[in-house]
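> predicted coordinates and the sequence they were generated for:
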Amino acid sequence: MAGEERRSVPEAMHSLSMEGRRRLLVSGVTDVESFNEQEIVMGTTQGTLIVHGEELHMEKLSVDSGDVVVTGQVDALEYEDAPVKGEGFFARLFR
């Protein structure tokens, strides 16, 4: 109808919560691109989040709610707003 406003679905809230440097709770995760014991790369509603550390494990991954729990020694958190041209998944994987 004329004059009706279109309502958009709000994007999932993204947040980080770290307990010490041994447990990281992340919400607003849209996908997990790659993971190993030194690096976890995940897409969030606010850009790509890269977690660097040692002995990293995904303790919980909920696709429905977009929540991830990471345990291990977290050394750094890094965001990428947009992929760098020419640097895709495999380029980051083989750094």
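Yep, it's here.
> who's residue 44 bridged to?
In this structure, residue 44 bridges to residue 29, residue 47 when assessed by DSSP bridges.
> what ranges does the chain have for its helices?
In order along the chain, the chain carries the following helices (DSSP state H): 89-93.
> which residues touch the residue nearest the centre of it?
Central residue check for the chain by Cα atoms, centre = their mean: the C-alpha nearest the mean position is that of residue 42, 3.5 Å away. Contact analysis of residue 42 by Cβ atoms under 8 Å, 6 or more residues apart in numbering lists 26, 29, 30, 31, 32, 33, 35, 48, 49, 51, 68. The C-beta positions use only the backbone N, C-alpha and C, and glycine is treated the same way.
> tell me how many other residues crowd the fourth one.
Yep, that's residue 31 we're talking about. Neighbours of residue 31 under the rule other Cβ atoms under 10 Å: 11.
> show me what contacts it?
Counting by Cβ under 8 Å, 6+ apart, residue 31 has contacts 42, 43.
> quick check, pLDDT for it.
At residue 31 the predicted local distance difference test score is 91.
> separation between it and residue 42?
For residue 31, the distance to residue 42 under the criterion Cβ to Cβ, to the nearest Å works out to 7 Å.
> for residue 73, see how far away residue 64 is.
In this structure, residue 64 and residue 73 are 29 Å apart, going by Cβ to Cβ.
> higher neighbour count, these two?
Shown here are residue 64 and residue 73; by other Cβ under 10 Å, residue 73 has more neighbours (14 against 5).
> now that one: closest residue in space, sequence neighbours ignored.
Distances taken as Cβ to Cβ, 6 or more residues apart in numbering place residue 54 nearest to residue 73, at 4.4 Å, with adjacent residues excluded.
> close enough to count as contact, that neighbour and residue 76?
No. The pair formed by residue 54 and residue 76 falls short of the contact definition of Cβ atoms under 8 Å, at 11.2 Å.
> so what sits against both of those two?
With Cβ under 8 Å, 6+ apart applied, the contact sets of residue 54 and residue 76 do not overlap.
> what about this protein, any weak spots by pLDDT?
Within the chain, the stretches falling below the threshold (pLDDT under 70) are 1-11, 82-95.
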